[in-house]
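**Q** Here is the input, now give the coordinates:
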Amino acid sequence: MSFDRYVAICNPLRYAIIMNRQTCILLLLGSYVGAFLSMLGPSVLTAPMIFCGPNKIHHFFCDRAPMLKLACTDISLAEFADFISSAVLLLGSLILTGVSYTYIVITILRIPSVQGRQKAFSTCVSHVTVVILYYGSSIFLYVRPKKGNAVDINKFATVLNTIITPMLNPFIYSLRNERVKESLRDIFNKYVGILTNVRSQK
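**A** Numbers count the residues shown, from 1 in each chain. Okay, the predicted model is just below:
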């Protein structure tokens, strides 16, 4: 998405040529291959582990860190592999996103008209919001050498990462639509009007 925004703002006349079907397929395949390879090493290390004792994971889905807590063997190598794969995947993609947005901001600041700058910024705000929510919670969850025992905090960050952020995505992206903004303004004005009437009647 950040590459798409970069091309749309920094190379608008070449957008259709650069973001063609082949580029989109390569970006999609790169995401799937990167995700597969990042999980391959930690999964190979976890497969031969012996699990004994309780079989209940103290989490609301089968995530790797809570599952490793149930192992009867030494998990330090598996935790280290998790940390390295998470750091490479998350921080690597965050750096690419950061570089894209650095170029975008530089290009936007060169736009002479204020209206043009506002329009260009508005196309990026929704994606930046989602990026901050997603990367903030993901880095907190996965890019820590010692996961610790703060289970409740980890659960909250996981809920933010897996439920709240995807649920907010349609709302965040639809805020760019003028009709949605007008509808929200109308609802807000009606709500304020109803509250004012109720207070005046009291």
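**Q** Spatially central, which residue of the chain would that be?
**A** Nearest to the mean C-alpha position of the chain, counting by C-alpha atoms, centre = their mean, stands residue 134 at 2.7 Å.
**Q** And the helix or strand hosting that one, what does it pack against?
**A** Under DSSP states H and E, the secondary-structure element containing residue 134 is helix 114-142. With contacts taken as 3 or more C-beta pairs under 8 Å, 6 or more residues apart in numbering; DSSP states H and E, helix 114-142 sits against helix 2-10, helix 76-86, helix 92-109, helix 151-159, helix 165-174. (Each C-beta comes from the backbone N, C-alpha and C, glycine too.)
**Q** could you give me the average pLDDT of the third one?
**A** If I follow you right, that is helix 92-109. Averaged over helix 92-109, pLDDT sits at 88.
**Q** Please point out which parts of that helix sit buried.
**A** 93-94, 97, 100-101, 104, 108 (16 or more other C-beta atoms under 10 Å).
**Q** now swap in the second one and tell me
**A** Applying a neighbour-count criterion of 16+ other C-beta under 10 Å, the buried positions in helix 76-86 are 78-79, 81-83, 85-86.
**Q** Report the angle between that helix and helix 114-142.
**A** Here the directions of helix 76-86 and helix 114-142 differ by 170 degrees (axes from the mean of the first three to the mean of the last three C-alpha atoms, to 10 degrees).
**Q** List of residues touching helix 76-86?
**A** Counting contacts by C-beta atoms under 8 Å, 6 or more residues apart in numbering, the residues outside helix 76-86 that touch it are 38-39, 41-42, 45-46, 49, 64-65, 68, 71, 138, 142-145, 147.
**Q** Pull out the buried residues from the residues you listed.
**A** Counted by 16+ other C-beta under 10 Å, the contacts of helix 76-86 give 38-39, 42, 45-46, 64-65, 68, 138, 142-144, 147 as buried.
**Q** of all the residues you listed, which comes closest to residue 157?
**A** Top of the list for closeness to residue 157, among the buried ones among the contacts of helix 76-86 and by C-beta to C-beta, is residue 138 at 8.3 Å.
**Q** which stretches of this structure aren't confidently modelled?
**A** Within the chain, the ranges that satisfy pLDDT under 70 run 53, 144-152, 172-173, 175-178, 180-181, 194-202.
**Q** how many neighbours does residue 139 have?
**A** Residue 139: 16 surrounding residues under other C-beta atoms under 10 Å.
**Q** Just give the nearest non-adjacent residue to it, would you?
**A** Nearest residue to residue 139 in three dimensions, chain neighbours excluded: residue 90, at 5.8 Å (C-beta to C-beta, 6 or more residues apart in numbering).
**Q** Mind checking what secondary structure that neighbour has?
**A** Three states are possible here, and by DSSP: H, G, I helix; E, B strand; the rest coil the one that applies to residue 90 is helix.
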